[in-house]
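Q: A predicted structure for the sequence below; I have some questions about it.
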Amino acid sequence: MKLANKLNNAVASINEESSSEDGEKLGIYVQVNTSGEDSKSGVNNAEDCISLVKDIMSACTNLRIDGLMTIGAPGDFSCFESLVECRKKVCEAVGVDEDSFALSMGMSGDFEEAIKRSATSVRVGSTLFGARDYSNKK
């Protein structure tokens, strides 16, 4: 929630500086740790996700939750299915149509499987630009 508040305040500040009557909302995705890996971030289950989504919706008026995202465990496509189920529960809890709530899941190595399982967004930077070069990273 700390990051959501920080984003909300940043958007509020930018909106105050603009000449627009209606402030723009920043679209965000809530990350769900569907794999349970310690190396991944995000809420751990649907109940925590529902709680966070409700908190953001009530406290962060400059943010718009566009959907959920996950970075699943390599080769474990059940992570995608878990996110689909989480979306269903979240949408039921907050009264949002599932079709309007995006799912960002799948990367260069598994985007086809993610699309088969209802992904609306995928991240394919490595496919487009090649693998990252970490050799110069200190």
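A: Received the coordinates, thanks. Residues are numbered from 1 along each chain as shown.
Q: so K40 lies in a strand, does it not?
A: No. Under DSSP: H, G, I helix; E, B strand; the rest coil, K40 falls outside any strand and is assigned coil.
Q: quick check: closest non-adjacent residue to it.
A: Of all residues not flanking K40 in the chain, N33 sits nearest, at 4.7 Å (C-beta to C-beta, 6 or more residues apart in numbering). For glycine as for every other residue, the C-beta is placed from the backbone atoms N, C-alpha and C.
Q: now V11
A: Nearest residue to V11, sequence neighbours excluded (C-beta to C-beta, 6+ apart): N62, at 3.8 Å.
Q: I figured the residue nearest to K40 hits D48, correct?
A: No. N33 lies out of contact with D48 (C-beta atoms under 8 Å); the separation is 9.5 Å.
Q: returning to that earlier point: and the residue nearest to K40, how many neighbours?
A: Using other C-beta atoms under 10 Å, N33 has 21 other residues around it.
Q: try Y29
A: Y29: 18 neighbours (other C-beta under 10 Å).
Q: tell me the contacts of the nearest residue to S18 once chain neighbours are set aside?
A: Counting by C-beta to C-beta, 6+ apart, E24 is the residue found nearest to S18 once chain neighbours are left out, at 7.7 Å. Listed by C-beta atoms under 8 Å, 6 or more residues apart in numbering, the contact set of E24 reads 11, 14-15, 18.
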